[in-house]
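>>> What follows is a predicted structure for the sequence shown.
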Amino acid sequence: MPSTDARSSLSVSGSDFASASVPRHLARGAVGFGALIAAFALIPAFGPAALLLAPVGLVALRGCPMCWTIGLAQTLSRGRLRKECVDGHCELKPAR
């Protein structure tokens, strides 16, 4: 059985939360956070039916607010950083 280094077998492609552009990502954040805030703020006026906005917010944020934040960092760094791996050791370096 061939041995593999744990660091070299990790795939970054499965953990990509970035959007195509920063304005698109910020718009998704506005819709997501707006829907989550409205879901709880409107409970006194509309009762539990207001909670139907929560799934809309979570879908816009792609699952969680932290996922959106990670995606914002990825969207901002896209094109500015590149991953360079040598002998199983990977580093982020500025793009040339």
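Perfect, I can see it now. Residues are numbered from 1 along each chain as shown.

>>> show me where the protein has helices.
For the chain, the helices defined by DSSP state H occupy 22-41, 43-46, 53-60, 65-77.

>>> do you know which of the ones you listed lies nearest K83?
The minimum distance between K83 and those falls on helix 65-77, with 10.8 Å, by Cβ to Cβ. Quick note: C-beta positions are derived from backbone N, CA and C, even for glycine.

>>> okay, the helices of the chain in JSON lines with mean pLDDT, mean neighbour count and distance to V86 next?
What follows is these, written out as JSON lines (pLDDT from 0 to 100; neighbours: other Cβ atoms under 10 Å; distance: least, Cβ to Cβ, whole Å):
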{"stretch": "helix 22-41", "mean pLDDT": "95", "mean neighbour count": "15", "distance to V86": "31"}
{"stretch": "helix 43-46", "mean pLDDT": "96", "mean neighbour count": "10", "distance to V86": "54"}
{"stretch": "helix 53-60", "mean pLDDT": "94", "mean neighbour count": "16", "distance to V86": "39"}
{"stretch": "helix 65-77", "mean pLDDT": "89", "mean neighbour count": "15", "distance to V86": "21"}
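
>>> could these be laid out in a markdown table, adding distance to C85?
A markdown table is the format used below for the helices of the chain (distance: least, Cβ to Cβ, whole Å):
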| stretch | distance to C85 |
| --- | --- |
| helix 22-41 | 27 |
| helix 43-46 | 50 |
| helix 53-60 | 34 |
| helix 65-77 | 17 |
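
>>> Mind checking the ones you listed for the one nearest to L92?
Evaluated with Cβ to Cβ, the helices of the chain place helix 65-77 nearest to L92, the distance being 8.4 Å.
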